[in-house]
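Visitor: Just to be clear, the model below is a prediction. Sequence and coordinates:
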Amino acid sequence: MFQIISDGGCDFTIEEAQQHNIDIIPFYVSFDQVTFLKEGVDISKDEYFNRLLNEKNLFPTTSQPNPQDYIDIYKPHLDAGKDILSLTISSKLSGTYNSATMAADMMKEDYPDRTIVVIDSLTCAVGQGLVLREIIKMRDSGYSLEKTAELAQEVIKTTRVYFSLDTLEYLKKGGRVGPTTALVGGLLGLRPVLHIVDGAIEQLDSVPGRKRVLQLMQEGIVETLQDETEDINICIGHILREEEGTTFKENIESALNIKIDTPLTEIGVTIGTHAGPGALAIAYCKMYDKIA
């Protein structure tokens, strides 16, 4: 059985990772550009986002895991005779794919009989989490590393992610939108709806009011998935909006007449730094065993 490794873009909790016997390589966050903290190890998501929410002049930065971080996780599994499947956040959003690939290449000389497959998820957050869950199911069903990697690429093609933001302010801080756009959006009460296209985040729409943006997201998801409910998995994520996320999840379940088994997820710092507190996301993908 091969070992599954993912960077922290998948937004799994430590408990969930332990439950499924996978390794999570965390991203780093810094508030002063001097001290770098590992997400989920040195600082929790709640601690991070509450600081972001309460300290208005704070602008932290995130940093990807480096090749050595990957080597430190790869090596014990290779020593134990295991092959590895390593999933990363979209290469258009972070350099983690390069770190994972460099580490795999560096290991080849010392472990010529072992295989490390690095997969670019072309997504992030709850979308990456769904891809990871399908990979876990394949491993636990006895699929080979090669077959799992092949089907994972097909799952990735079906994965869609949509985000709503409470404010454009964090996108402005990160240089994703200009100050004029953020100001106008704030004055008009516009809430952006973002989605991932070919691994990159793009704006889909701007809608006045929080209530309306969630209604629009729900209507769009229901219209898209109403005839595919037996073939897909759905995940909903949030940043400091657990109650709202729970209600949104229940509304989707009711509208589609399904039960969403994937737990409500806290979005991590990688995407959350630019999305900000109050963000809500929904993702779906086709289950691996429903792919023709």
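Guide: Arrived safely, thanks for sending.
Visitor: Okay, domains of the chain per the record?
Guide: 3-157, 160-290 (automatic domain parsing).
Visitor: Rebuild those domains as a markdown table, extending it with mean pLDDT.
Guide: Converted to a markdown table, these look like this (pLDDT from 0 to 100):
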| stretch | mean pLDDT |
| --- | --- |
| domain 3-157 | 94 |
| domain 160-290 | 84 |
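Visitor: Pretty sure Tyr70 sits against Leu87.
Guide: No - at 12.0 Å, Tyr70 does not count as touching Leu87 under the criterion of C-beta atoms under 8 Å. Placement of C-beta: from N, CA and C, glycine included.
Visitor: residues shared between the contacts of these two?
Guide: Ile5 (C-beta atoms under 8 Å, 6 or more residues apart in numbering).
Visitor: returning to that earlier point: with mean neighbour count as extra columns, can I get the domains of the chain in a markdown table?
Guide: Listed next are the domains of the chain as a markdown table, based on neighbours: other C-beta atoms under 10 Å:
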| stretch | mean neighbour count |
| --- | --- |
| domain 3-157 | 19 |
| domain 160-290 | 18 |
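Visitor: Strands along the stretch 151-292 of the chain, start to end?
Guide: Here the stretch 151-292 of the chain has its strands, by DSSP state E, counting those that start in this stretch, at 160-164, 190-197, 200-208, 232-238, 265-266, 280-286.
Visitor: now the angle from the third one to strand 190-197?
Guide: Right, the one you point to is strand 200-208. For the pair strand 200-208 and strand 190-197, the angle between their directions (axes from the mean of the first three to the mean of the last three C-alpha atoms, to 10 degrees) equals 150 degrees.
Visitor: May I have the strands that pair with strand 200-208, each with its orientation?
Guide: Looking at strand 200-208 with DSSP bridges, its partner strands are strand 190-197 (antiparallel).
Visitor: And the contacts of the strand it pairs with?
Guide: 90, 122-124, 127, 160-166, 168, 171, 184-185, 201-210, 212-213, 216-217.
Visitor: which ones are touching the spatially most central residue of the chain?
Guide: Nearest to the mean C-alpha position of the chain, by C-alpha atoms, centre = their mean, lies Ala125 at 1.4 Å. Taking C-beta under 8 Å, 6+ apart, we find Ala125 in contact with Gly9, Cys10, Asp11, Val161, Gly237, Thr265, Ile267, Gly268, Thr270, Ile271, Ala281, Ala283.
Visitor: can you list those in TSV and add distance to Glu253?
Guide: Output for these, formatted as TSV (distance: C-beta to C-beta, whole Å):
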residue	distance to Glu253
Gly9	26
Cys10	23
Asp11	20
Val161	19
Gly237	16
Thr265	15
Ile267	20
Gly268	24
Thr270	28
Ile271	24
Ala281	16
Ala283	15
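Visitor: Figure out the length between the terminal residues of stretch 85-102.
Guide: 14 Å (C-alpha to C-alpha, to the nearest Å).
Visitor: What's the separation between the nearest residue to Leu194 once chain neighbours are set aside and Val193?
Guide: Leaving aside its sequence neighbours, Leu194 sits nearest to Phe163 (C-beta to C-beta, 6 or more residues apart in numbering; 4.4 Å). Using C-beta to C-beta, to the nearest Å, Phe163 is found at 7 Å from Val193.
Visitor: for Val29, same thing?
Guide: Counting by C-beta to C-beta - Val29 and Val193 are separated by 26 Å.
Visitor: Setting the sequence-adjacent residues aside, check what's closest to Val222.
Guide: Ala255 is the one closest to Val222 (C-beta to C-beta, 6+ apart), at 4.6 Å.
Visitor: One more: Leu37?
Guide: Ile43 (4.6 Å).
Visitor: I figured that neighbour was touching Phe36, is that so?
Guide: No - using C-beta under 8 Å, Ile43 is not in contact with Phe36; the gap is 10.3 Å.
Visitor: Touching both of these two, which residues are there?
Guide: Common neighbours of Ile43 and Phe36 (C-beta under 8 Å, 6+ apart) are Val29.
Visitor: part of a helix, is Ser6?
Guide: No - counting by DSSP: H, G, I helix; E, B strand; the rest coil, Ser6 is not part of a helix but strand.
Visitor: got the contact list for it?
Guide: So Ser6 contacts Phe12, Ile22, Asp23, Ile24, Ile25, Ser86, Leu87, Thr88, Gln128, Leu132 (C-beta under 8 Å, 6+ apart).
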